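A.B. asks: dropping the sequence and predicted coords here.
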Amino acid sequence: MGVQIPRHILSVDQFDRAFLDYLCAVTTRLREASRTKKGAHWLRRRFPYKRGMLYFTQPSSRTYTSFLSAMQNLGMMTTEVRDPSMSSEKKGETPLDSLRTFSSYADVIVVRSPIGGLVAKAAEYLDTTPRPVPIINAGSGADEHPTQALLDIYTLERSFRKHGGIGGKTLVLVGDLARGRTVRSLAKLMRHYPHTRLILVSPPEFRMRKDIRSFLGKH
């Protein structure tokens, strides 16, 4: 298919339509497999010798649990850091220092942090080390939430699969659009679906920020 699979998942800017379609197709196959005992057993044999690190220094029950469940469904061993006050960061170690250390123990690190730009900096930093493990952005400051946006795309694709797909539909995004990093990421992905119309609904103080509105205007 010529699909480019990114090493890290940092931003929706990495994704093109071919990747989104490929990911939706793979996800459907995995969902179908997980519904049977035989299929679930097959899934758990995918990565039994791989280790996943959940570095969640920003509270999140749903995102944390979803990644934990995904790793367990694929047979991965998991470790976690959820309170930096219990780590060497309390003594002055930086988050980048911590992630560099954790890269020795894990084959992939999922990061959720209140620090804007941390995930991209961590990926760039680890790529210069002897063990450049993949980094997945599960929410970094007010920047983006690309994995949630991917889940939203899959949900929309499934909902509209008998109605011509996402393209050509009118979508309404409602709520705190100024600080909602998920809607920022999802809005940017809509450029891959022709003739899609977005309606943005919020109180004036929570309007979508100018950078995203300008981006949408260009596309």
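C.D. replies: Cool, the structure landed. Residues are numbered from 1 along each chain as shown.

A.B. asks: count of neighbours near the closest residue to P48 other than its chain neighbours?
C.D. replies: Taking Cβ to Cβ, 6 or more residues apart in numbering as the measure, P48 lies nearest to G75, with 4.3 Å between them; neighbours along the chain are not counted. Where C-beta positions appear, they are placed from N, C-alpha and C, glycine not excepted. Taking other Cβ atoms under 10 Å as the neighbour definition, G75 ends up with a count of 16.

A.B. asks: how about H219?
C.D. replies: Quick note: H219 (other Cβ under 10 Å) scores 10 neighbours.

A.B. asks: not counting sequence-adjacent ones, nearest residue to it?
C.D. replies: Take H219 and drop its neighbours on the chain: the residue closest to it by Cβ to Cβ, 6+ apart is R191, 4.0 Å away.

A.B. asks: so how far is V183 from that neighbour?
C.D. replies: Counting by Cβ to Cβ, to the nearest Å, the gap from R191 to V183 is 14 Å.

A.B. asks: where does this protein have its least confident helix or strand?
C.D. replies: Taking mean pLDDT, DSSP states H and E as the measure, the chain has helix 95-102 as its least confident helix or strand, at a mean of 89.

A.B. asks: and it, what other elements does it pack with?
C.D. replies: For helix 95-102, the helices and strands in contact under the criterion 3 or more Cβ pairs under 8 Å, 6 or more residues apart in numbering; DSSP states H and E are strand 51-56, strand 108-113, helix 118-126.

A.B. asks: tell me the strands beside the second one, with direction?
C.D. replies: With DSSP bridges as the test, strand 108-113 is paired with strand 51-56 (parallel), strand 135-140 (parallel).

A.B. asks: which residues are contacting the longest helix along the chain?
C.D. replies: The helix that spans the most residues within the chain, counting by DSSP state H, is helix 17-34. With contacts defined as Cβ atoms under 8 Å, 6 or more residues apart in numbering, helix 17-34 is touched by 1-6, 39-40, 42-43, 73, 150, 153-154, 157-158, 189, 192-193.

A.B. asks: can you pull the buried residues of that helix?
C.D. replies: By neighbour count with 16 or more other Cβ atoms under 10 Å, helix 17-34 contains the buried residues 19-24, 27, 30.

A.B. asks: stretch 32-44 too?
C.D. replies: Those buried within stretch 32-44 under the rule 16+ other Cβ under 10 Å are L43.

A.B. asks: no more questions from me, cheers.
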